[in-house]
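K.L.:
Provided below are the primary sequence and the corresponding predicted coordinates.
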Amino acid sequence: MPHALHPSTAALGAVIAIILLAVFFWTRRADDAGENVLHGNVEIRQVDVGFRVGGRIAAVLVEEGESVRKGQTLARLETDLLEAEEARTRAQLAQQEATLQRLESGYRSEEIAGARADEAAAAALAENARINLHRVEAMRSGNAVSQKELDNARGTYRNAAAKQKAAREQLALVSAGYREEEILAQRAVVAATRASLQQAVIHVQDAELKAPQDGVVLTRAREAGAIVDAGQTVYTLSLVNPVWLRVYVDEPRLGRIRPGMRVEAETDAAPGRRFAGHVGYVAPAAEFTPKNVETYEVRTSLVYRIRVQVEDPDNIMRQGMPVRVFLPEAEDTPS
């Protein structure tokens, strides 16, 4: 007759069985969760900022490590030369606009009256010369004057008639005003001068270096008194908003991911906290997994890069920080 199991032995066996079942289901759950986890890093996004004009730096206003806001002034240039150029261009514009106004208004009434008087005087002289020529011609027919006197009278008349014609044309010119071609050419000169003035004003504004986005100062490359060229780096900023994650997925799971899909992210800097986010970009081509992504299974496999934007209102994530991104059990795309 077989011996009955001791009650303590039976209880121990039951406990072991429960533990084995728990380990089995926990392992299954961990494996299932592993299928929904992507590994990567917070993207490193930097920008070198510098003045759009050259000059001497008058002041640098922020230090390395300081947080800056979009539009905040970081440094200034001396503006004496830039302001002088603006004043010179503004004076040139005033001169060119005055010339244009004169052309568009035409000749003054006094100038027209003067041209009319000159034309009348020239006409009177021409009429006198004509009458005198007829008289001399009559006297020459009776041999009362010499041929030379007749020739002189004819020359005087031709000269007076030419002056009358020139005065008549001048009167017509001032009465009609300036030609349209002259006005159009002057308008073009005014437009070009206005553009030069706008450029000079922008150069004065560019003497202030402003932060292009929210960020943190990584490098302060120049100090006050330094002479810099346009575009030369003065600061290097690390951009903090928005926060982008770069994660990788193998091909079998690629079909589950769509741009706009809602996901959650986690980092060791905030244990147990999930950050909401969404997929913003899926690379069209595969690449090898970067070595800084600690996923042993796919380290030497081809994967696809994914960019994920997350919400980090407390500014916990830092560039380069390892992250894990959790995919939903089913696709959850925004409607």
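P.N.:
Arrived safely, thanks for sending. Numbers count the residues shown, from 1 in each chain.
K.L.:
Give me the helices and strands touching the helix or strand that contains Q199, please.
P.N.:
Per DSSP states H and E, Q199 falls inside helix 180-205. Contact analysis of helix 180-205 by 3 or more CB pairs under 8 Å, 6 or more residues apart in numbering; DSSP states H and E lists helix 80-105 as its packing neighbours. To be clear about C-beta, it is placed using only N, CA and C from the backbone, and glycine gets the same treatment.
K.L.:
on that earlier part again, check which element follows the helix holding Q199 along the chain.
P.N.:
Following helix 180-205 in sequence order, the next helix or strand is strand 208-210 (DSSP H and E).
K.L.:
Listing partners with orientation, what would you give for that next one?
P.N.:
Looking at strand 208-210 with DSSP bridges, its partner strands are strand 73-77 (antiparallel).
K.L.:
Show me the helices in the chain, by range?
P.N.:
Here the chain has its helices, by DSSP state H, at 7-35, 80-105, 109-141, 147-176, 180-205, 251-254.
K.L.:
Contacts only, for T73.
P.N.:
If a contact means CB atoms under 8 Å, 6 or more residues apart in numbering, then T73 has 61, 208-210 as its contacts.
K.L.:
Quick check: beta-bridge partners of the nearest residue to R274 once chain neighbours are set aside?
P.N.:
Leaving aside its chain neighbours, R274 sits nearest to E264 (4.3 Å; criterion: CB to CB, 6 or more residues apart in numbering). E264 has the following beta-bridge partners by DSSP bridges: A276, F326.
K.L.:
Quick one: residues contacting E78.
P.N.:
55-58, 207.
K.L.:
picking that back up, tabulate the contacts of T73 in JSON lines, adding columns for pLDDT.
P.N.:
Formatted as JSON lines, the contacts of T73 follow (pLDDT from 0 to 100):
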{"residue": "L61", "pLDDT": "96"}
{"residue": "E208", "pLDDT": "97"}
{"residue": "L209", "pLDDT": "97"}
{"residue": "K210", "pLDDT": "96"}
